[in-house]
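K.L.:
I need the structure of the sequence given here:
(2 chains)
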Amino acid sequence: MSDLTEIPFDSGDAAPGSEALNSHEAGGGIQGYLIGLFLATALTIGSFYIGATDWVWAPSIPVALIVLAIAQMGVHIVFFLHITTGPDNTNNVLALAFGIMIVAFVLFGSIWIMHHLNHNMAATGAMMMRGMP
Amino acid sequence: MSSAPPIDAPRAPKPEDPYRLGHRAGGHGHGHGHGGHEATGHGEGGPASKWTITAFGFWIFLLSDIVMFSAFFAAYAVLAQSTAGGPTGRELFDLKGVAIETACLLASSFTCGLGSIATYKKNVLWTEIWLLVTGLLGFAFVALEFHEFAHMIAEGAGPQRSGFLSAFFALVGCHGLHVSVGLLWLGTMMAQVWIKGFRPPILRRLLCFNLFWHALDIIWVGVFTIVYLIGSGV
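P.N.:
Residues are numbered from 1 along each chain as shown, chains lettered A, B, ... in the order given. Reported below is the predicted structural model:
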């Protein structure tokens, strides 16, 4: 059984997900996972709950659900994946930021373009119907 | 006002800032020919360790996997209303089942983290136990999802029914496939840890597996929110 000093901790560059990353912080170790589990459970229950009740003004429920989902993804990233704002994490955070940017382009771009396309197609369809005998 | 100490009062020496750039946590790092106080990115201290490079490479893979999922999410968002006169999400989705699936996956993400701590503490037995619990919860998730899919297809709501259902099965099925592959990987890791022990390559694989499993749970947060909760409300 080899010693765990096999797991190095590079100064300035930490491996994503490494327990050594935040073992010296309040959000590290078992305590960190417990905080993460508590927050994630609370946010999940909140998501399922507001969909089933009239706590939130009905038209705003989708927005509220998306906000809760993004919050929960943040909890998972910080407490389970240990991707935090510490300086040893800079490379991992930058990679994550780039990923989020691409995801935003793909999601909002697709929804935006297809919304306009559907809108224009519907108008064309209606005009075609009018032109019919 | 008067309680504020004078500016020139002697102060206690500042404790070392654990967040200082280039700080070496715990001081147990492997030497790469430098003392551990240089910031990287200046060509000093040589390349990062294989441990860091492997995990960072896998992190890049996971992010590209998430980008791929974003395309499936976009397709679903665009096609969610295209039911072609077929069943809608409101009629099909059983939120109780989804809640149980969510609980299984969240709990498995937590136990996976406990396994990671056990590995960090060099405990083979607890690593194996938490991996097993993670695997059982993951298997329960896959079984519930499979049951849901079989039920939908038996009702005539298969992927060929409408654009909405094609996008649904592509997105949720792709996630389920990832969890299934993760289960195979988990079983392999349990065997490798048992037979080979905590060798450096095994430790790197365990780290990558933990990252993969947590990433699957992050994607599921998007799935249960966008597909199931918003889909059954609209």
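K.L.:
give me the contact list for stretch A:13-32.
P.N.:
A:7, A:9, A:35, A:78-79, A:81-84, A:86, A:88-89, A:91-92, B:18, B:25-26, B:28, B:40, B:48, B:51-52, B:54-56, B:58-59, B:114, B:116-117, B:119-120, B:207, B:210-211, B:214 (C-beta atoms under 8 Å, 6 or more residues apart in numbering or on different chains). The way it works is simple: take the backbone N, C-alpha and C, and place the C-beta from them, glycine included.
K.L.:
buried subset of these as a ChimeraX selection?
P.N.:
To isolate the buried members of those in ChimeraX, using 16 or more other C-beta atoms under 10 Å in any protein chain shown:
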select /A:7,9,78,79,81,82,83,84,86,88,89,91,92 /B:25,40,48,51,52,54,55,56,58,59,114,116,117,119,120,207,210,211,214
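K.L.:
in chain A, which spans are helices?
P.N.:
Under the criterion DSSP state H, helices of chain A are mapped to A:29-52, A:61-75, A:90-131.
K.L.:
ok, B:M190 - contacts?
P.N.:
B:128, B:131-132, B:135.
K.L.:
with A:I83 instead?
P.N.:
A:16, A:77, A:89, A:92-93, A:96.
K.L.:
let me have these in a markdown table, adding pLDDT as columns.
P.N.:
Below are the contacts of A:I83 laid out as a markdown table (pLDDT from 0 to 100):
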| residue | pLDDT |
| --- | --- |
| A:P16 | 89 |
| A:I77 | 94 |
| A:N89 | 87 |
| A:N92 | 92 |
| A:V93 | 94 |
| A:L96 | 95 |
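K.L.:
show me which of the residues you listed is closest to B:T225.
P.N.:
A:I77 (15.8 Å; C-beta to C-beta).
K.L.:
can you tell me the SS state at the residue nearest to A:D13 when sequence neighbours are not counted?
P.N.:
Computed as C-beta to C-beta, 6 or more residues apart in numbering or on different chains, the closest residue to A:D13 that is not its neighbour in sequence is B:A48, at 4.7 Å. For B:A48, the assignment made with DSSP: H, G, I helix; E, B strand; the rest coil gives coil.
K.L.:
buried sites along the longest helix seen in chain B?
P.N.:
Ranked by number of residues, the top helix in chain B under DSSP H is helix B:163-196. Using 16+ other C-beta under 10 Å as the test for burial, helix B:163-196 gives B:163-172, B:175-176, B:178-180, B:182-183, B:185-186, B:189-190, B:193.
K.L.:
distance check, the residue nearest to A:D13 against A:N91.
P.N.:
9 Å (C-beta to C-beta, to the nearest Å).
K.L.:
coming back round to it: which two in the contacts of A:I83 are spaced the farthest apart?
P.N.:
A:I77 and A:N89 (10.7 Å).
K.L.:
ok, which stretches of chain B are helices?
P.N.:
Going by DSSP H, chain B shows helices at B:50-79, B:89-92, B:95-120, B:124-154, B:163-196, B:200-222, B:230-233.
K.L.:
mind putting the ones you listed into TSV with distance to A:M121 and mean pLDDT?
P.N.:
Putting the helices of chain B into TSV (distance: least, C-beta to C-beta, whole Å; pLDDT from 0 to 100) gives the following:
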stretch	distance to A:M121	mean pLDDT
helix B:50-79	13	95
helix B:89-92	23	88
helix B:95-120	33	95
helix B:124-154	29	96
helix B:163-196	14	96
helix B:200-222	28	96
helix B:230-233	23	84
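K.L.:
for A:L43, find the nearest of these.
P.N.:
Comparing the helices of chain B by C-beta to C-beta, helix B:200-222 comes nearest, at 8.6 Å.
K.L.:
who are the packing partners of that closest one?
P.N.:
Packing partners of helix B:200-222 (3 or more C-beta pairs under 8 Å, 6 or more residues apart in numbering or on different chains; DSSP states H and E): helix A:61-75, helix B:50-79, helix B:95-120, helix B:124-154, helix B:163-196.
K.L.:
list the residues that contact the nearest residue to B:T127 once chain neighbours are set aside.
P.N.:
If the residues on either side of it in the chain are set aside, B:T127 comes closest to B:A118, at 4.4 Å by C-beta to C-beta, 6+ apart. Going by C-beta under 8 Å, 6+ apart, B:A118 touches B:126-127, B:129-130.
K.L.:
quick one: which of the residues you listed has the most company?
P.N.:
B:T127 (24 neighbours; other C-beta atoms under 10 Å in any protein chain shown).
K.L.:
quick check, that one in contact with B:L114.
P.N.:
No. Using C-beta atoms under 8 Å, B:T127 makes no contact with B:L114, being 9.3 Å away.
K.L.:
returning to that earlier point: which of the helices of chain A sits closest to B:I230?
P.N.:
helix A:61-75 (4.9 Å).
K.L.:
tell me if the closest one is near chain B.
P.N.:
Yes. Judged by C-beta under 8 Å from any C-beta of the partner chain, helix A:61-75 and chain B are in contact via A:61-62, A:65-66, A:68-69, A:72-73.
K.L.:
residues of that helix that come out buried?
P.N.:
Result for helix A:61-75 [16+ other C-beta under 10 Å]: buried residues A:61-62, A:64-66, A:68-69, A:71-73, A:75.
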